[in-house]
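**Q** build me a model:
(chains A and B)
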Number of protein chains: 2
Amino acid sequence: MTERPTLTATPNNVGVDAAVAAARRVIAALLHAGDGSTAEMTDVAARLTEVAEHLEEHAPTCDERLVDMWAGEGVTRHDPVTGPENAVAPPLPLRGLPDGSIEGTVTLGLPYQGPPGCVHGGISALLLDHTLGVANHWAGDSGMTGTLAVRYHRPTPLFAELTVRGRQVSVDGRKIRTTGEIVANGEVCVSADGLFVNKHLPRPR
Amino acid sequence: MTERPTLTATPNNVGVDAAVAAARRVIAALLHAGDGSTAEMTDVAARLTEVAEHLEEHAPTCDERLVDMWAGEGVTRHDPVTGPENAVAPPLPLRGLPDGSIEGTVTLGLPYQGPPGCVHGGISALLLDHTLGVANHWAGDSGMTGTLAVRYHRPTPLFAELTVRGRQVSVDGRKIRTTGEIVANGEVCVSADGLFVNKHLPRPR
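**A** Below is the predicted model:
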């Protein structure tokens, strides 16, 4: 048994995960390209629309898909932070540490920019909210976010390795307190304290 | 002069904006399709990789692009909330209201899912952080997020029209207090209070 188990879905290099990885590359490339020539972008739009139409034709209904998405007890594959099937997700892989905390590293590019050259404050909040939720799963008691307090200590750089950490602090009845931070170059850039409530929405079926 | 000016970049139906709109459709379609057949997804991955490689070949250097992105005084076109050039952004359009507050509506699909059928709590935090920042711009004094306190009142539904609102509450020296909420079906789902500090990072050049 590994001492640092992976708590998030590991991307496969085939199937939908490979297509999603390519979609992430398109998202970043569109931001790097900027306005380009109109003719070139019209061609890109046409090619992407063709892919979307092809996928849409073969997709199950949304209700069927939601049931399928939420079947089984494993980690989610579709969330916007760690999901290998979601091109919005960087994705951030998270591992459990022997001390009960969790940790992951990620490097963010232009799609996640807020201030010039820095990570958007709301993206930091997104990564931390999700990480605190996974930390609760790892600790045993989990639930939905009640409140999230995010503190911005210094700008979080793009194009630098970020370490994202989370750990459960206490469980008092249904109230769960969890904390975490984003660290770059050895300094805390953003920290968060969450109060979670031990309840879960029913799964679609 | 309009009484409700648009405070965010309006997507064009041509050029990079059209390509980005098509990329958003691909992101959603990949989530709706799910695992599909391996052969089909291998083909989709190849087609998307081809588009990415084409865009990457013609892109300026990242430093050049950052200078270009931040030139001029207008609204940003590249941020992950309102940006017509960023496929991560839903996008959320925001308008200024005569009372000094701002407002926008958006409907979110599978790429923004947290709990089953609901918006991810971190995505709500992302939308609110950005909206509070734009509300500050509209009010006149703006800056970077110092702290953001997000309160989750009830689940925020996917596939339903959400109204996102923000307004500046007070300015005390460099400290700016701003508040906002996300409303669905007439009920507040998420609210946020932000403390912003009136300083800005230098623009790349």
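**Q** was I right about A:Thr76 contacting A:Gly83?
**A** Yes - taking CB atoms under 8 Å as the definition, A:Thr76 is a contact partner of A:Gly83 at 6.2 Å. Using the backbone N, CA and C atoms, a C-beta is placed for each residue, glycine as well.
**Q** pull up the overlap in contacts between those two.
**A** By CB atoms under 8 Å, 6 or more residues apart in numbering or on different chains, A:Thr76 and A:Gly83 have these common neighbours: A:Ala9.
**Q** gap between the closest residue to A:Tyr112 other than its chain neighbours and B:His130?
**A** Once flanking residues are discounted, A:Tyr112 sits nearest to A:Ile123: 4.6 Å by CB to CB, 6 or more residues apart in numbering or on different chains. According to CB to CB, to the nearest Å, A:Ile123 stands 10 Å off from B:His130.
**Q** A:Thr76 and A:Gly83: who's more crowded?
**A** Using other CB atoms under 10 Å in any protein chain shown as the criterion, A:Thr76 and A:Gly83 rank with A:Gly83 on top: 26 against 21.
**Q** quick one: that one from A:Val20, how far?
**A** Distance from A:Gly83 to A:Val20, counting by CB to CB: 8 Å.
**Q** and the pLDDT at the residue nearest to A:Tyr112?
**A** A:Ile123 is assigned 98 on the pLDDT scale.
**Q** hmm, A:Leu110 and it touching each other?
**A** No - taking contacts as CB under 8 Å, A:Ile123 lies outside contact range of A:Leu110: 11.6 Å.
**Q** quick revisit: what strand or helix carries the residue nearest to A:Tyr112?
**A** Counting by DSSP states H and E, the element that carries A:Ile123 is helix A:121-139.
**Q** the residue nearest to A:Arg167 when sequence neighbours are not counted - how many residues pack around it?
**A** Leaving aside its chain neighbours, A:Arg167 sits nearest to A:Ser101 (3.7 Å; criterion: CB to CB, 6+ apart). Using other CB under 10 Å, A:Ser101 is surrounded by 17 other residues.
**Q** what do you get for the one 3 residues further on?
**A** Neighbour count of A:Gly104, defined by other CB under 10 Å: 23.
**Q** please name the bridge partners of it.
**A** A:Val164 (DSSP bridges).
**Q** got a list of what it touches?
**A** A:Gly104 makes contacts with A:8, A:92-95, A:131, A:163-164, as judged by CB under 8 Å, 6+ apart.
**Q** could you rerun that using 10 Å?
**A** A:Gly104 makes contacts with A:6-8, A:81-82, A:90-95, A:127, A:131, A:134, A:162-166, as judged by CB atoms under 10 Å, 6 or more residues apart in numbering or on different chains.
**Q** swap in A:Pro90?
**A** If you count contacts by CB under 10 Å, 6+ apart, A:Pro90 has them with A:24, A:80-83, A:104, A:106-109, A:111-112, A:123, A:126-127, A:162, B:88.
**Q** can you tell me the helix or strand for the most centrally placed residue in chain A?
**A** What sits nearest the mean C-alpha location of chain A, by CA atoms, centre = their mean, is A:Val81, with 0.6 Å. Per DSSP H and E: A:Val81 is located in neither a helix nor a strand.
**Q** thinking again about what came up before, list buried residues within the contacts of A:Gly104.
**A** Buried members of the contacts of A:Gly104, counted by 16 or more other CB atoms under 10 Å in any protein chain shown: A:7-8, A:81-82, A:90-95, A:127, A:131, A:134, A:162, A:164-166.
**Q** and the next element down the chain from the top helix by length along chain A?
**A** Secondary structure of chain A per DSSP state H: the longest helix is helix A:38-58. Remark: after helix A:38-58, the chain's next helix or strand is helix A:62-69, criterion DSSP H and E.
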